[in-house]
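S.K.: One predicted model, sequence on top.
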Amino acid sequence: MSPRNLFTAENLNLSIGEQIIFDDAAISAFEGERIAVIGRNGSGKTTLLKVIAGIEIPLDTKIARERDLRIAVMPQDFQLDDTLSARENIRKGLEWFYELQRLYESKLPNAEHERIEELLNRYEAWHLEHKLDEIMEKLHLRDDPAPVLNASGGEKRRIALARAIISEPDLLLLDEPTNHLDVETIEWIENFLAAWRGTAVFITHDRRFLDKIATRVVELDHGKIYSYPGNYADYLAGRAERLEAADAQEHRRQSFLRREIEWVRRSPKARMKRNMGRLRRYEEIAAQSGPVRDEEIDLVIPRGPRMGNLILDMKNVSLNFGERNIIRDFNFEFSPGCRLGVVGPNGAGKTTFLRLITGDLAPDSGTIRVAPTVQFNYVDQSRVLLDESKSVLDEISEGLSSVQLGSETISVWTYLRRFLFDERRINTRIDRLSGGEKARLALAKVLLKGGNFLLLDEPTNDLDLSSLRLLEEALLDFNGCLIAVSHDRYFLNRISTHILGFDGDGNAFFTPGDYDYYLEKRPQKIQEEPKERSKGATPPPVPAPAKKKLSYKEQKELEGMEDRIAAAEEKVAEYENMFSSPDFFSNHGSDSVKLQQEFEEAQKELASLYSRWEELETKAAECRS
């Protein structure tokens with residue numbers, strides 16, 4: 001039985017000025033789908049959600065919705081009633097149920113009364129306050145009677161999300177649901193949507209979230225809507241095939257045009273009346289346009305002045321806010337080229353850590369020593385004030401035609417093109433930019449200050465996937481040091497050489513490597529478990545045995561494998577202990593890059609031994625059976 005078609009839009013056409021948003025586009029949503037909407041900033045993603053929700057419908061667009069379709073929306077610029085508490089705001093999402101209860105208690109014909117009772121039973125609408133309690137607990141929302149006026153941005157987003165999903169709609173529309181949320185909450189949303197019985201359409205830049213949740217990816221590209229079944233990885237493969245096919249078609253078109261031009265030039269017969277049809281066909285194909293592609297420009301972060309081996313040293317640093325420990329007895333020393341990702345739940349002290357480093361806050365105890373060669377550049381987009389009455393060009397140029405990037409002088413236009421502002425957008429007023437375009441402009445404005453030590457507080461918020469990739473490449477090429485506070489796990493995996501995690505109780509956990517490695521080791525640290533298996537521990541279970549026999553040489557190799565694995569584990573553990581030591585950078589700072597490489601080689605050797613052990617043990621099991 002095919003799934004129900006909940007929504008279809010056809011003949012979508014919309015332009016804003018010279019920019020084409022929809023060009024005879026179409027989209028459908030079927031029951032049970034989780035559709036991710038992606039595209040460059042300003043491509044029309046939010047507008048598409050408004051079309052589906054019925055908030056904005058272009059002229060002549062054909063819309064078909066299932067009867068009685070219930071839609072809930074969490075927009076990117078959601079609004080809460082600041083005079084109400086969190087519970088009261090979330091309760092607004094239950095109005096449909098309350099209306100059913102009012103109808104049930106009124107005088108209705110028996111058939112209608114039974115239908116409403118069946119709906120109330122299906123959605124368990126007799127226990128709405130219990131539902132409310134449950135969702136507030138899952139989203140870590142305090143049941144505080146105080147108004148939400150002074151709640152944090154992340155807390156308000158969780159309230160808006162709870163309000164949207166508590167009504168159990170047929171179609172749930174989410175615009176950037178993971179922005180400003182910590183990893184724990186993002187993972188809860190992932191699990192929630194993975195088990196979601198209804199249909200969800202969502203916009204996100206979180207590639208890990210997208211990869212885990214999406215059953216279909218819809219891409220907006222120059223007014224067209226392209227659909228790819230599967231998750232983010234499937235989308236990347238499908239898009240590459242589409243572009244390759246478009247390039248092949250364009251190659252055939254150009255080859256045809258070259259042949260026809262040559263025929264017209266060389267053959268007098270080409271101008272005869274009986275060949276006019278061939279000429280018209282040539283003109284028709286010549287009038288067609290080739291595939292439109294966004295220009296890819298490398299985002300280059302200005303290179304800062306050279307730093308010495310001593311960069312930043314924090315010794316026994318502690319900071320308390322009242323009775324709450326933010327950081328307790330923290331020790332850390334930066335080495336050249338270190339790119340530190342900082343993670344932890346909202347309110348755990350991540351931004352406070354950045355302010356301690358820049359000197360905006362003084363520790364209660366301990367010392368923070370910064371080398372005189374260090375020039376900080378703090379990129380906090382929430383603090384960058386853009387004059388929305390100005391154009392993009394005027395905001396950056398400040399009346400000048402060029403900007404200075406270290407020893408390099410370039411035009412303002414060239415600089416803005418590095419941040420993906422083309423000729424049309426450079427002269428656009430800031431108040432007409434999308435949220436992602438404003439984020440890129442804020443980044444461009446702050447990075448003009450230069451510096452050799454970047455501090456980035458949630459730099460990925462509101463950036464589209466193309467901009468994220470460019471930012472990652474630029475950070476990997478940056479010659480200075482970097483601290484990035486982020487909840488974007490994909491981003492942290494790409495750019496981090498080390499991860500520092502705060503737990504909210506003043507404790508910090510440090511690991512070399514990327515975010516996935518940090519996740520692997522973090523529970524062992526929290527539970528104070530040993531970092532390695534005891535010598536001679538049993539390796540992991542092996543797969544089903546293949547029917548092969550061991551040779552004499554393989555038998556001897558298997559007999560010695562357990563000792564070899566134990567020795568390799570001890571070697572890996574030694575490196576882990578070394579990197580986790582508070583005085584690591586004091587003792588080994590100059591050799592950190594070399595030690596990191598040796599550590600990775602030791603990990604590879606251990607993985608190779610396990611792989612070989614599994615192969616030999618499989619053969620041995622077959623011999624014994």
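M.R.: The structure has been received and is ready for your questions. Numbering: from 1, shown residues only.
S.K.: For the spatially most central residue of the chain, which non-adjacent residue is spatially closest?
M.R.: Central residue of the chain (C-alpha atoms, centre = their mean): residue 206, 2.0 Å from the mean position. Nearest non-adjacent residue to residue 206, counting by C-beta to C-beta, 6 or more residues apart in numbering: residue 178, 4.8 Å away. In this view, the C-beta of every residue, glycine as well, is placed from N, C-alpha and C.
S.K.: ok now do that neighbour, which residues does it touch?
M.R.: Counting by C-beta atoms under 8 Å, 6 or more residues apart in numbering, residue 178 makes contact with 186, 189, 204, 206, 209, 487.
S.K.: pretty sure the residue nearest to the centre of the chain contacts residue 185?
M.R.: No: assessed by C-beta atoms under 8 Å, residue 206 is found out of contact with residue 185, at 11.9 Å.
S.K.: isn't residue 616 right next to residue 559, touching?
M.R.: No: the criterion here is C-beta under 8 Å, and residue 616 misses it with residue 559 at 9.6 Å.
S.K.: about what we covered before: how about the contacts of residue 178 in CSV, adding distance to residue 149?
M.R.: CSV is the format used below for the contacts of residue 178 (distance: C-beta to C-beta, whole Å):
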residue, distance to residue 149
186, 25
189, 25
204, 28
206, 28
209, 29
487, 24
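S.K.: I'd guessed residue 319 sits against residue 352; true?
M.R.: Yes: between residue 319 and residue 352 there is a contact under C-beta under 8 Å: 6.7 Å.
S.K.: Common neighbours of the two, please.
M.R.: Shared contacts of residue 319 and residue 352, defined by C-beta under 8 Å, 6+ apart, comprise 326, 327, 361.
S.K.: helix/strand/coil for the second one?
M.R.: Same thing as residue 327. Assigned by DSSP: H, G, I helix; E, B strand; the rest coil, the conformation of residue 327 is strand.
S.K.: So what sits opposite it in the bridge?
M.R.: For residue 327, the beta-bridge partners are residue 319 (DSSP bridges).
S.K.: From the chain's centroid, how far away is the longest helix belonging to the chain?
M.R.: The single longest helix within the chain, with elements called by DSSP state H, is helix 232-266. On the basis of C-alpha atoms, centre = their mean, to the nearest Å, helix 232-266 sits 32 Å off its chain's mean C-alpha point.
S.K.: Just the buried positions in it, please.
M.R.: 232, 234, 235, 236, 238, 239, 260 (16 or more other C-beta atoms under 10 Å).
S.K.: now stretch 44-55
M.R.: Neighbour counts over stretch 44-55 (16+ other C-beta under 10 Å) mark 44, 45, 46, 47, 48, 49, 50, 51, 52, 53 as buried.
S.K.: got a list of what the first one touches?
M.R.: Each residue near residue 44 by C-beta under 8 Å, 6+ apart is listed here: 14, 21, 22, 220, 223.
S.K.: if you go through the stretch 101-250 of the chain in chain order, where are the strands?
M.R.: With strands called from DSSP state E, counting those that start in this stretch, the stretch 101-250 of the chain shows them at 171-175, 199-203, 216-221, 224-229.
S.K.: Relative to the last one, what are the paired strands and their orientations?
M.R.: When pairing is defined by DSSP bridges, strand 224-229 lines up against strand 216-221 (antiparallel).
S.K.: now swap in the first one and tell me
M.R.: Strands that pair with strand 171-175, judged by DSSP bridges, come out as strand 71-74 (parallel), strand 199-203 (parallel).
S.K.: Kindly reformat those as a markdown table containing distance to residue 171, mean pLDDT and mean neighbour count.
M.R.: Output for the strands paired with strand 171-175, formatted as a markdown table (distance: least, C-beta to C-beta, whole Å; pLDDT from 0 to 100; neighbours: other C-beta atoms under 10 Å):
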| stretch | distance to residue 171 | mean pLDDT | mean neighbour count |
| --- | --- | --- | --- |
| strand 71-74 | 5 | 91 | 21 |
| strand 199-203 | 5 | 93 | 24 |
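S.K.: and residue 68, that's in a helix?
M.R.: No: under three-state DSSP, residue 68 sits outside any helix and is assigned coil.
S.K.: Quickly note the distance from it to residue 108.
M.R.: 17 Å (C-beta to C-beta, to the nearest Å).
S.K.: same question, residue 476
M.R.: 65 Å.
S.K.: what does residue 117 give?
M.R.: To residue 108, residue 117 is 10 Å away according to C-beta to C-beta.
S.K.: if we can go back for a sec, how about the backbone phi and psi for the residue nearest to residue 206?
M.R.: Main-chain dihedrals, residue 178, degrees, to the nearest 10: phi -90, psi -10.
S.K.: again, but for residue 399
M.R.: With angles defined as degrees, to the nearest 10, residue 399 sits at phi 90, psi 0.
S.K.: what's around it, how many residues?
M.R.: Burial of residue 399 is recorded as 5 neighbouring residues (other C-beta atoms under 10 Å).
S.K.: picking up where we left off before, can I get the buried residues of helix 232-266 in TSV including pLDDT?
M.R.: Putting those into TSV (pLDDT from 0 to 100) gives the following:
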residue	pLDDT
232	87
234	89
235	88
236	87
238	87
239	86
260	72
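S.K.: Can you tell me which of these is nearest residue 345?
M.R.: Taking C-beta to C-beta as the measure, residue 232 is the one of the buried residues of helix 232-266 closest to residue 345, at 25.3 Å.
S.K.: Please name the spatially closest residue to the closest one (chain neighbours excluded).
M.R.: residue 211 (4.0 Å).
S.K.: Might one say that the one you found is in contact with residue 235?
M.R.: No: the pair residue 211 / residue 235 is not scored as a contact, 9.1 Å apart, by C-beta under 8 Å.
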